[in-house]
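Student: Quick check, what structure comes out for this input:
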Amino acid sequence: MGIAPELQDRLDRLREYSACDISDALLKLQKPRAGEVARAGYLADIGPIPSSSGEKVIAPACTLKLVSKNAPPSSPPPAESTVPKGSHWVDLTEPGSIVVIDQPEGQKCAAVGGIMAQRMKARGVAGCVVGGRVRDMVELQNSQLPIFALGRSTVGTNAESTVYARNIRVTITGVSVSPGDILFCDPVEGVVVIPRDLLDETLSLIPKLVADDDKVKDAVQNGMTVAEAFKTFRS
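Tutor: Predicted coordinates:
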């Protein structure tokens, strides 16, 4: 099952913009709770590894949550989110999706290696975002699967991690990602998550913000001060 044509059309429209444009819109649309820092969807410090093609990857998220094998959660995951006994999570990944993996903070093992990348590519996965580490860099590059991660390792997943659940809400560098949210992976600027219920509003707002910024840039280039240009063109 791939992406519905009406959703694909909206994702194609997003491709005209940068991750910074997306965050500018989310900064206006999202309302942080008292005391929260506005993150505007940005997954801090997540960057492309050598397997990335240099092109933007934009697709709905499917998620995987890893936990420490030495200190698993006391409560079991929802039954519909478990990986059936005898199955492997990578064989359940969804074509056309970006697989988002939540790895416990501070772990030094890899959440994804060459075999996982090759299997995801074979299943038609659009990309992978790892809130943790990856390994087998040559194999990852050969897989041609766009991968974005926090860092690298030489150690396999089983050293520290075990699968808890798939397609549940996860947190990547402090930002929540739910299945179906839109991942905007820009190899130049970074990775931003657009909540699915804000996709249409984001698409509606971005053109105005970009147009306003273009007016500011033109004015500054022609000698106007930044303060005056902001006051004139940014509402």
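
Student: report the longest helix in this structure, please.
Tutor: helix 199-221 (DSSP state H).

Student: By neighbour count, which bits of that helix are buried? Give me those.
Tutor: Under the neighbour-count criterion of 16 or more other CB atoms under 10 Å, helix 199-221 has Leu199, Thr202, Leu203, Leu205, Ile206, Leu209, Val210, Asp212, Asp213, Val216, Ala219 buried. All C-beta atoms are positioned from the backbone trio N, CA, C, and that covers glycine.

Student: From what I see, the third one and Leu14 are in contact.
Tutor: It refers to Leu203. Yes: Leu203 lies in contact with Leu14 (CB atoms under 8 Å); the separation is 6.8 Å.

Student: returning to that earlier point: farthest pair within the buried residues of helix 199-221?
Tutor: Leu199 and Ala219 (31.3 Å; CB to CB).

Student: Beta-bridge partners for Pro48, please?
Tutor: Legend: beta-bridge partners of Pro48 under DSSP bridges are Phe148.

Student: how deep is the closest residue to Arg123 other than its chain neighbours tucked in, by neighbour count?
Tutor: Of all residues not flanking Arg123 in the chain, Thr93 sits nearest, at 5.4 Å (CB to CB, 6 or more residues apart in numbering). Look at Thr93: counted by other CB atoms under 10 Å, it has 21 neighbours.

Student: in its sheet, what does the strand of greatest length in the chain sit against?
Tutor: In the chain, taking DSSP state E as the definition, the longest strand is strand 57-68. Here strand 57-68 has these sheet partners by DSSP bridges: strand 98-102 (parallel), strand 161-166 (antiparallel), strand 182-186 (antiparallel).

Student: okay, the angle between it and helix 199-221?
Tutor: Angle, strand 57-68 to helix 199-221, by axes from the mean of the first three to the mean of the last three CA atoms, to 10 degrees: 110 degrees.

Student: circling back to that earlier point, what do Leu203 and Leu14 both touch?
Tutor: Counting by CB atoms under 8 Å, 6 or more residues apart in numbering, Leu203 and Leu14 have no shared contacts at all.

Student: what residues does stretch 216-235 touch?
Tutor: If you take CB under 8 Å, 6+ apart as the criterion, stretch 216-235 is touched by Asp212, Asp213, Lys215.

Student: Grab the nearest non-local neighbour of the residue nearest the centre of the chain.
Tutor: In the chain, the residue lying closest to the centroid (CA atoms, centre = their mean) is Leu183, at 4.2 Å. Leaving aside its sequence neighbours, Leu183 sits nearest to Ile98 (CB to CB, 6+ apart; 4.3 Å).

Student: For Ala71, see how far away that neighbour is.
Tutor: Using CB to CB, to the nearest Å, we find Ile98 at a distance of 28 Å from Ala71.

Student: now Cys109
Tutor: Between Cys109 and Ala71 the distance, using CB to CB, works out to 15 Å.

Student: right, and Met116 touches Val90 too?
Tutor: Yes: the pair Met116 / Val90 is scored as a contact, 5.1 Å apart, by CB under 8 Å.

Student: okay, the two: which has more neighbours?
Tutor: Neighbours per residue (other CB under 10 Å) separate Met116 from Val90, with Met116 holding more: 28 against 19.

Student: Surely Val170 and Ser176 touch.
Tutor: Yes: if you go by CB under 8 Å, Val170 and Ser176 touch, sitting 7.5 Å apart.

Student: So between the two, which is more surrounded?
Tutor: Comparing Val170 with Ser176 by other CB under 10 Å, the one with more neighbours is Val170, at 23 against 13.
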